[in-house]
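> build me a model:
(2 chains)
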Amino acid sequence: MADKPFIHPYIPNSVPETKRAMLDELGLGSVEEIYAEIPERLRFTGTLDIPPAILSERELRKHVQGLLDKNTSSVEFLNFCGAGCWQHHVPAVVDEIINRAEFVSAYCGGDYSDLGKYLTRFEFNSMLGELLDLDGVANPIYDWGDVAGRSFRMARRITGRDKVLVPAHMSPMRLMEARTLCQPEAMANSTKIRFYGWDRETGMVDLEDLSAKLDDSIAAVYWENPSYLGTIEAYGAEIVELAHRHGALAIAGVDPITLGVLTPPGTLGADIACGDIQPLGMHMHAGGGCSGFIGFRDDDPVFAQECPLELYTVMETATPGQYAVGECMAERTSYGSRDQGKDWVGTASGLWTIAAAVYMALMGPQGFREVGETCIARSHYAAKKLAELPGVEVKLSPSFFKEFVVNFDGTGKSVATVNKALLGHRIFGGKDLSADFPELGQSALYCVTEYYDKADIDELVSAVKEVTA
Amino acid sequence: MSRETPQEKVARLARLRRDGGVLRDYRSPRYDEPFIMEQGTPGERGIFVPLAEDGVTAEVGAAADYIPEGMARTAAPELPEMAQYQVMRHYLRYAQMTLGMDLGSDISEGTCTMKYSPKMHEELIRGHKAADLHPWQDEDTLQGLLEIVYATGQYLKSISGMDEFTLQPGGGSHAVYTNACVMRRYFEARGELDQRSEMITTIFSHPCDAATPMVAGFKVITVMPDENGYPDLEAFRAAVSEKTVGCMITNPEDTGIYNPQIDKYVEILHDAGALAFTDQANANGILGYARARDAGFDACHFNLHKTFSSPHGCEGPASGAYMVTDELAPYLPVPVVTREGDRYHLDYDRPESIGRVRGFLGNWMAVIRAYAWIRNLGPEGLKEVAEISVLNNNYLDNLLMAVKGVSRPYAEGHRRLDQVRYSLEQLKEDTGVGTEALRDRMVDFGVQSYWMSHHPWVVPEPFTPEPCETYSRADLDEWAAVIKKGSDEAYADAQFVLDAPHAQPIDQMRRTEAMEDPDQWAFTWRKYKRRFEEQA
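Next comes the predicted model:
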């Protein structure tokens, strides 16, 4: 490259004549004269330890695709693993819209020039609000664990209390993220996480234990529906009532794809809802498809005022009947007030908000009801068939949405062994729970969504039968 | 008069075009499209969903039987009922009313590094070998992805001079937050957390450099600039004590000014037993020219969606690469990607780790794009990126400083690297047209609206362009001409600018109290509608 000029298709002004002409305009001999701003002692003079460029698009494509081809995808194998990132069908229209250059490339453009982005955001909020039965929805951020932690901090600010009660079978991964956000307990402003029990027979919360642990020092009670272990929680209304009786907030963690058939958190009386929109039209992207939302009651402005995320409100323009969307109370955020804001925000998952908007609009009330019914029917079918196998047992509640716990103790095989063997049948087995939930023995969390049909499930059952025999 | 020859006509039209300048006669699409919640007809549907087969229901019965009492939804969600074409067309119209970067000549959004995101990379990440992977898959079936992540980490180590990395954070601010947590864990492990409670940043560093240490539980001290625009060294020295955790600062700062004494600031911190982090969200101008480690920093980060070409996606998903020295490596979030021979692993066995800042692995589609971009440029190409972005910035500066009403505060006689924070204070004083009004006028020429400044506005009436390597000389000329046009208009007919925009999908927004007033704000359509019903 030293011999000939390096003219790159992404760098138009790398043409030497252009560069020269621009330098002439500035009265400079070379760009080095600008770099004189960096003193010699801070200058890097070595060569970056990076392989030589693969210039042609064809060869670069071949190289990177060659690496990606070493992966095995859930299109090639049947995938029965969920545990926080779920394989649902992604409608073609969703991909068509989010792959539009305007949306893919947009960032923080203004209210007018990027109007469509803001209108879509407001529609996302409005449709998710319908699913949640809540009037307030904020602009989503990283993922469920992140918004769980932020919701805990929000409850702390609203109530002035510093403890949050969470179920002991909360997703361990989400708990880890929330703990990081809540600060070590020795710190003055930490939010302390305390646990209440769950019923080993049903997988639901232990209301008695929750009641015993609740007192006037608790800022919020958090529960998950479905629980991390898949059970549909029957006691949502009771949890809300108990929390409110002690002046605590009720925070529901929910999977929004369940809300065509399950009672939404707003109807149950929850003050705040959080969860992940990944099931609503996102490919899994090895977890990169996740995006966390926060919804809240808006009958008392304190919820919006203490909301940690960006808020957008519909507003009017100079022309009657014409709508715009504007940011609301920006000074709550770090962009408005730096370290005086409620929390920090940053570039998070805007494109997934658009995907979820398109998904919700396509599905409508009927699509959400049907996808819920199919998830329930097919997952129960899979559970029933697996439980018929010798030594295989389905644990916890008879009532789950798409995930359930399969125990292999009776087969004498570990989940790790079963899962390795299933790979030979081109199947990804369930999430191994044995390290996080030793009390469940050799158990795995299986996931069956509308994506997989009866034939796929029968294939799973016959493969499990073979590898556990 | 004799008839014009074809040649004469071409020449005349070319002259007309040139005399009109490089400004576009632009009109944004205006679809006057109602909200989707107001469209559709009961009974319409956008898509068929798989239904349970007879063989399934014969075995398990009705789904409703599995929903506990009181948990079955009784009122259906009021979502649109709309056929597929109509839904698709609605969002396509919204896409068209979004300029984005690809259409918008986005020199405008300084601090955002709006560079071209190669389209081939989109093909890579949309394929099932990248899009349809489950994060808990056996790592043997994710080897390609892990190899890409590991290799990208190695390249970023070379670019920063650091020893270890994580690509778990889902954005730049998220990586900066990770740093606050790593520093907290470092001092917690040393039993010094009681003593060390203060983080230092500067006012021209990104807001997340102040906000994330606050969330991590620290008191934040913000150092203001001296008269030259550099963080005041004496104020910085005075802020450092045995209570100091460290600093979280940028260089160059938002002003584009490179602090030539940056290593002195780091030395002051290290002498006090504190740590130093540099926010490298805007590393475009220093790639291959300066490394965080060489200035003494213990940690730094990069934005793969800025410097390394991954697209911004209407504000994410993005990726923050967080880089540390060996001393801080034990505290990185789990899992860490490691290599043994030809095999790549996800290492969870790290007892000193801060835990997690994100679920699963990270936004690794952004990493795939960054990997492809780095491999396409190579070591020489990365330096060329830096060099041209710095040249472009100074070329644009030369044009903008000739525009009436524009000034460039601080550091007279010093050149900026990748971006500049300008002021329109003079324009506002002379004409009443400030930076917000000009921002809302410039979009009428088909360029993206500029980034003004992070808050607070230390520079009055600010705007901050960043003409990275993507932009041609003609693009730079056009952008400067738009600002000049806005200035000319302001001096000739200020009201016309104050009434802007004039060629956008909607007319001027009423910036009412709705932004702050609970009786007016509506975050959802149901809330907005109900308010009218209540009033009726």
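> when you work out contacts or count neighbours from here on, use the C-alpha atoms and nothing else.
Will do.
> okay, now the nearest residue to residue A:256 once chain neighbours are set aside: neighbour count?
Leaving aside its chain neighbours, residue A:256 sits nearest to residue A:277 (6.7 Å; criterion: Cα to Cα, 6 or more residues apart in numbering or on different chains). By other Cα atoms under 10 Å in any protein chain shown, 26 other residues sit near residue A:277.
> per-residue pLDDT of residue A:277, please?
If you check residue A:277, the pLDDT there is 98.
> would you check that it makes contact with residue A:354?
No: with contact defined as Cα atoms under 8 Å, residue A:277 does not count as touching residue A:354 (10.7 Å).
> where is the longest helix in chain A?
Longest helix in chain A by number of residues (criterion: DSSP state H): helix A:350-387.
> export the lowest-mean-pLDDT helix or strand in chain A as PDB, just CAs?
Ranked by mean pLDDT, DSSP states H and E, the weakest helix or strand in chain A is helix A:334-337, scoring a mean of 85. The C-alpha trace of helix A:334-337 is given here as PDB (Å, rounded to 0.1, in the frame of the first residue of the first chain):
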ATOM      1  CA  SER A 334     -28.700  11.800  32.100                       C
ATOM      2  CA  TYR A 335     -28.900  13.600  28.700                       C
ATOM      3  CA  GLY A 336     -30.800  16.400  30.400                       C
ATOM      4  CA  SER A 337     -29.100  16.500  33.800                       C
END
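> quick check: buried residues in that helix?
A:334-337 (16 or more other Cα atoms under 10 Å in any protein chain shown).
> who touches it?
Defining contact as Cα atoms under 8 Å, 6 or more residues apart in numbering or on different chains, one finds that helix A:334-337 is touched by A:330-331, A:340-345, B:207-208, B:211, B:454-456.
> mind running it again at 7 Å?
Helix A:334-337 is contacted by residues A:330-331, A:341, A:343-345, B:207-208, B:211, B:454-455 when judged by Cα atoms under 7 Å, 6 or more residues apart in numbering or on different chains.
> which residues touch stretch B:303-312?
In contact with stretch B:303-312 (Cα under 7 Å, 6+ apart) are residues A:104-107, B:112-117, B:171-172, B:281-284, B:318-321, B:366-367, B:369-370, B:373.
> ok, now which ones touch residue B:386?
Contacts of residue B:386 (Cα under 7 Å, 6+ apart): B:284-287.
> quick one: which of those sit in strands?
Among the contacts of residue B:386, none falls in strands (DSSP state E).
> and the residues you listed as CSV, adding pLDDT, neighbour count and distance to residue A:79?
Formatted as CSV, those follow (pLDDT from 0 to 100; neighbours: other Cα atoms under 10 Å in any protein chain shown; distance: Cα to Cα, whole Å):
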residue, pLDDT, neighbour count, distance to residue A:79
B:284, 96, 28, 40
B:285, 96, 29, 44
B:286, 97, 28, 44
B:287, 97, 22, 41
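> close to chain B: what parts of the stretch 151-300 of chain A are there?
Within the stretch 151-300 of chain A, the positions near chain B by Cα under 7 Å from any Cα of the partner chain are A:173-174, A:176-177, A:180-181, A:183, A:187, A:189, A:234, A:260-264, A:283-288.
> rerun at 6 Å
Contacts of the stretch 151-300 of chain A with chain B, taken as Cα under 6 Å from any Cα of the partner chain, map to A:176-177, A:234, A:261-263, A:283-288.
> and the furthest pair within those?
Across those, no pair lies farther apart than A:234 and A:285, at 32.1 Å, counting by Cα to Cα.
> looking at those two, which is more packed in?
Neighbour tally, residue A:234 and residue A:285, criterion other Cα under 10 Å: the higher count belongs to residue A:285, 25 against 21.
> list the contacts for the more buried one?
By Cα atoms under 6 Å, 6 or more residues apart in numbering or on different chains, the contact set of residue A:285 is B:131-133.
> same question for residue B:106.
With contact taken as Cα under 6 Å, 6+ apart, residue B:106 is in contact with B:114, B:448.
> can you tell me the helix or strand for it?
Assigned by DSSP states H and E, residue B:106 belongs to no helix or strand.
> give me phi/psi at it?
phi -90, psi 50 (degrees, to the nearest 10).
> check the one 4 residues further on too.
Residue B:110 adopts backbone torsions of phi -70, psi 160, taken as degrees, to the nearest 10.
> now do it against residue B:452, distance only.
To residue B:452, residue B:110 is 8 Å away according to Cα to Cα, to the nearest Å.
> just residue B:334 next, same as before
With the distance defined as Cα to Cα, residue B:334 ends up 37 Å from residue B:452.
> low-confidence stretches in the chain?
This is for chain A. Across chain A, the ranges flagged by pLDDT under 70 are A:1-3.
> nope, chain B
For chain B (pLDDT under 70), the answer is B:1, B:16-21, B:512-514.
> in chain B, which residue is closest to the centre?
The centre of chain B sits closest to residue B:112, judged by Cα atoms, centre = their mean, with a distance of 4.8 Å.
> if I look at that one, how far off is chain A?
Taking Cα to the nearest Cα, to the nearest Å as the measure, residue B:112 falls 8 Å from chain A.
> ok, and the closest non-adjacent residue to that residue?
residue B:306 (6.1 Å).
> what residues does the stretch 401-536 of chain B have near chain A?
B:449, B:455, B:469-470, B:472, B:507-510, B:515-516, B:521-525, B:527.
> give me the buried entries from those.
Buried subset of these (neighbour count, 16+ other Cα under 10 Å): B:449, B:455, B:469-470, B:472, B:507-509, B:515-516, B:521-525, B:527.
> residue ranges of the helices in the stretch 51-200 of chain B, please?
B:54-60, B:84-96, B:119-126, B:128-131, B:143-160, B:172-189 (DSSP state H, counting those that start in this stretch).
> from residue B:29, how far off is the residue in the stretch 1-150 of chain A positioned nearest to chain B?
Nearest residue of the stretch 1-150 of chain A to chain B (Cα to the nearest Cα) works out as residue A:106 at 3.6 Å. Distance of residue A:106 to residue B:29, computed by Cα to Cα: 16 Å.
> what of residue A:274?
The value you get for residue A:274 to residue B:29, if Cα to Cα is used, is 36 Å.
> so which of these two has more stuff around it?
Set residue A:274 next to residue B:29 and count neighbours by other Cα under 10 Å: residue A:274 wins out with 31 against 16.
> helix/strand/coil for that one?
Using DSSP: H, G, I helix; E, B strand; the rest coil, the structure places residue A:274 in strand.
> list the buried ones in stretch B:104-124?
So for stretch B:104-124, counting by 16+ other Cα under 10 Å, buried means B:104-118, B:121-122, B:124.
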